[in-house]
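**Student:** got a predicted structure here, sequence first:
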Amino acid sequence: MSLNLTIDQGNSAAKLALWDGQKMVDSLIVTSLTPDGIAGFIAPYGGHVDCAIYCSVVTRGTAVIAALSQIASRTLRLQSDTPLPIRIDYGASLGADRIAAAVGASSIFSGRMLLVVDAGTAVTYDAVTPDGRFIGGNIAPGMNMRLEALHRFTARLPRVTVPRELPVDAIFGTDTAKAMILGSVYGIIGAITYYQSKLSADSLVVMTGGWANELSRLCDFDVRVEPDLVSIGLNRILLYNENK
């Protein structure tokens, strides 16, 4: 069995996924990514992989890349000059996670106009054309960031923690905490709705990230949730670069 390893290092956690071709064999989410943790993850599969790719929004990952070179025949670090199966019409500052999510969405929903939404620590809204062009996107604060900003930059608004089950039984809050939560929730929903309305009528919203399931239920249009979108994109990039 030929195996590939993808690692998506986000702001709060890292996701490791093992692939046999386009099939995910195993996955693991960790809050701390270490060389020993990577080795332990692949140990049950022989301790070696054919190819590995690393994507990070927080660090260059020198130690991770060094560790991967010991367990993989070929290692890639996703960056702006990595050959891709889609075209990027954006500056070199485009985050690797946004690149991977766009590639993942384009590979799953080829031929559709896409709004790719990653609802994590920050929320990104990215547009990909039916012929696989990343034409741009926007970045905004995520749920917790919005609530923390309301607390820090006002005199009397409290620090509020977002509950795992959003109080979306109402549109307007009946106390301050609920008003802050709903303001944050519907601020994101409003942005998704606005951007989707500016795309073609047959466009599709593809969501990933920690809040994707909860937020997608509040949209008045078709939304596809794919928790593994970045990992799928990373694996697609590995396959694309096999013979390069």
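**Tutor:** Thanks, I have it. Small disclaimer: the values here were computed from a predicted structure and weren't measured. Numbers count the residues shown, from 1 in each chain.
**Student:** so which bits of the worst-scoring helix or strand of the chain on mean pLDDT are buried?
**Tutor:** When each helix and strand of the chain is scored by mean pLDDT, DSSP states H and E, helix 62-71 comes last, with a mean of 89. Neighbour counts using 16 or more other C-beta atoms under 10 Å place 64, 65, 67, 68, 71 of helix 62-71 among the buried residues. All C-beta spots, glycine's among them, are computed from the backbone N, C-alpha and C.
**Student:** what do you get for stretch 153-167?
**Tutor:** Within stretch 153-167, the residues scored as buried using 16+ other C-beta under 10 Å are 157, 160, 162, 166.
**Student:** could you give the mean pLDDT of the longest helix belonging to the chain?
**Tutor:** For the chain, the longest helix by residue count, based on DSSP state H, is helix 176-197. Taken as a whole, helix 176-197 has a mean pLDDT of 96.
**Student:** what does stretch 100-108 give?
**Tutor:** Mean predicted confidence for stretch 100-108 is 97.
**Student:** by contact count, what packs against the helix or strand harbouring residue 235?
**Tutor:** Assigned by DSSP states H and E, residue 235 falls within helix 229-240. Helix 229-240 is packed against strand 4-9, strand 14-20, strand 23-30, strand 49-56, helix 96-108, strand 114-119, strand 204-208, with contacts defined by 3 or more C-beta pairs under 8 Å, 6 or more residues apart in numbering; DSSP states H and E.
**Student:** tell me which of these approaches residue 148 most closely.
**Tutor:** Residue 148 lies closest, by C-beta to C-beta, to one member of the helices and strands packed on helix 229-240: strand 114-119, at 16.2 Å.
**Student:** who's in contact with the closest one?
**Tutor:** Contact partners of strand 114-119, identified using C-beta atoms under 8 Å, 6 or more residues apart in numbering, comprise 97-98, 101-102, 105-106, 123-129, 137, 142-143, 188, 192, 195-196, 199, 203-212, 215, 229-230.
**Student:** can you name the residues in contact with the helix holding residue 235?
**Tutor:** Residues contacting helix 229-240 (C-beta under 8 Å, 6+ apart): 4, 6-8, 15, 17, 19, 21-22, 24, 27, 51-53, 55, 76, 78, 82-85, 97, 99-105, 107-108, 116, 118, 206, 208, 226.
**Student:** try it again with 7 Å
**Tutor:** Residues from elsewhere that reach helix 229-240 (C-beta atoms under 7 Å, 6 or more residues apart in numbering): 4, 6, 8, 15, 17, 19, 22, 51, 53, 55, 76, 78, 82-85, 97, 100-105, 107-108, 206, 208.
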